[in-house]
Structures are given as structure tokens and as C-alpha cells.
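**Q** only geometry, no sequence info:
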């Protein structure tokens, strides 16, 4: 499993795709946070990163599919998929290894954004006037959100050998999981069970964690969500094997 994880991670790091994708993510998030008037924290005037944490999920909808689209699609395109799944390693270990390698890249994309927290802390009046608990909770929420999106990306990559199709499917799944349940709960036909439908979506649980309060129900939701998509991916690959 470690060999597959290392191979996958170094394969990402040896290509320009990972660096370009992460670079675009950091560039866009930086422009939105500091320069664009409608979202600039300098124009907002308060020492908090709420705007950043509300924008990143939408950037994740494109960043994470771009990272995960090659996980299985490239293996099938290059003809190495058959070699991989016939090796003396359990399919579950292959899926988890590729999942963890992609998740490490998502973590690499988040780490540089800690400079935003440091900058806002220094710019606050008085210096350090920022709710650190809320920021920590929001970063934990972003990591869990990234974990959930990555599981959907790995699933999408296992569906096809075309990376573009895998990207589109993954982006659509991420958008629906984050926004679809909220919009569905507002439909007249579902008003009586609106709260239940909202709780099925990722946004409700992400917002809860972003307040700085770690509820075990939210943690269980994200873990269950990620494991479910990985299990479905395992079953799909098992059938093809």
C-alpha cells in the first residue's frame, strides 16, 4: 500500500499539473481575498477570514477534481490498470493509497494559505485581534471538506479512462453534494422534510465546524461520507477485475 501511495504522490509531484493546479488555486484565492473589491478583506475592515473560508469550497470544486481525475483514468488510458489490479495487493489498499496521495496534495494546497491568518493577525487592531478558535475550526472543516471531495474525485476517476470526463463528473458531484441538498430543501415539495434534506448535504456540516465547534456528528458525517464513496469505488474496481 505504501508503495502505491509513494508512486502516486511522486507521480503527481513530478508533473507540472499538480504545481499549476495548486498555483492557480493560491493565485485565485489570493486575488479574491486581497484585491477584488467585492471580496477584499481590506475593504471589509474586520480581522477575520470568514470570506476566505466561504470562497474556498467553490475553488475546491475545481481544484480537487483536477488533482484526482488522473488517479485511475490515467492508469486505464496507459494500460497499466490491469497490471495494478492483478498485483498481490488488495483492491481496498489500492483505492486508499490513491486517495491518501490525492489528499496530501490538497493539504499541500492549504498549507500556504496559513500566511493569510498570520497577515490578518498582524493587521488587526490591536495586533493579534483575531478569533483563532474559529480559524482553526474552519481549517479543520476545509480539510474534512477536501477529504469528502477527494473521495468523490477518486470515484469519478474510476468510472472512465478519459480524464476530462472524470473531471466534469467529479466537479458536478462536488457541486451537488455541497449545494444541491440546500437548494432541494427549498422546493415546495420537500418543505416538510427540509431540515432532513439539508442535513444530508455537506454545506450544513461544513458551516457547523467553521464556527469553531467540533461536533462529533459532523466528524462522523464526513468520515462516513468519504468511506462510502471509497467503498463504492472498491466495488466498481472489483467488478472490473
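**A** Looks like it arrived, so ask away. Quick caveat, the model's predicted, so the values are computed rather than measured.
**Q** Please identify the helix or strand for the residue nearest to residue 1 when sequence neighbours are not counted.
**A** Closest residue to residue 1 apart from its sequence neighbours, by CB to CB, 6 or more residues apart in numbering: residue 93 at 4.1 Å. All C-beta spots, glycine's among them, are computed from the backbone N, C-alpha and C. Here residue 93 sits within helix 91-110, counting by DSSP states H and E.
**Q** do the same with residue 129
**A** Judged by DSSP H and E, residue 129 forms part of no helix or strand.
**Q** how about it, phi and psi?
**A** For residue 129, the backbone dihedrals (degrees, to the nearest 10) come out as phi -80, psi 80.
**Q** Quick check: which element contains residue 18?
**A** Following DSSP H and E, one finds residue 18 within helix 16-34.
**Q** State the mean pLDDT of that helix.
**A** For helix 16-34, the mean per-residue pLDDT is 87.
**Q** And that helix, what does it pack against?
**A** helix 41-44, helix 50-68, helix 91-110 (3 or more CB pairs under 8 Å, 6 or more residues apart in numbering; DSSP states H and E).
**Q** In the second one, which residues are buried?
**A** So that's helix 50-68. 51-53, 55-57, 59-68 (16 or more other CB atoms under 10 Å).
**Q** Farthest pair within those residues?
**A** Within these, 51 and 68 form the most distant pair, 26.5 Å apart (CB to CB).
**Q** circling back to that earlier point, okay, buried residues for the helix holding residue 18 please.
**A** 18, 21, 22, 25, 26, 28, 29, 32, 33.
**Q** Also stretch 68-88?
**A** 68, 69, 70, 71, 72, 73, 74, 75, 76, 81, 84, 85.
**Q** Name the nearest of those relative to residue 239.
**A** residue 85 (11.0 Å).
**Q** pretty sure that closest one is touching residue 91, no?
**A** Yes. Residue 85 lies in contact with residue 91 (CB atoms under 8 Å); the separation is 6.6 Å.
**Q** For the protein, name the helix or strand with the lowest mean pLDDT.
**A** helix 41-44 (a mean of 70; mean pLDDT, DSSP states H and E).
**Q** which residue packs closest to the residue nearest the centre of the chain, ignoring adjacent ones?
**A** By CA atoms, centre = their mean, the mean C-alpha position of the chain lies nearest to residue 146, the distance being 2.2 Å. The shortest distance from residue 146 to any non-neighbouring residue, by CB to CB, 6+ apart, is to residue 106 (4.2 Å).
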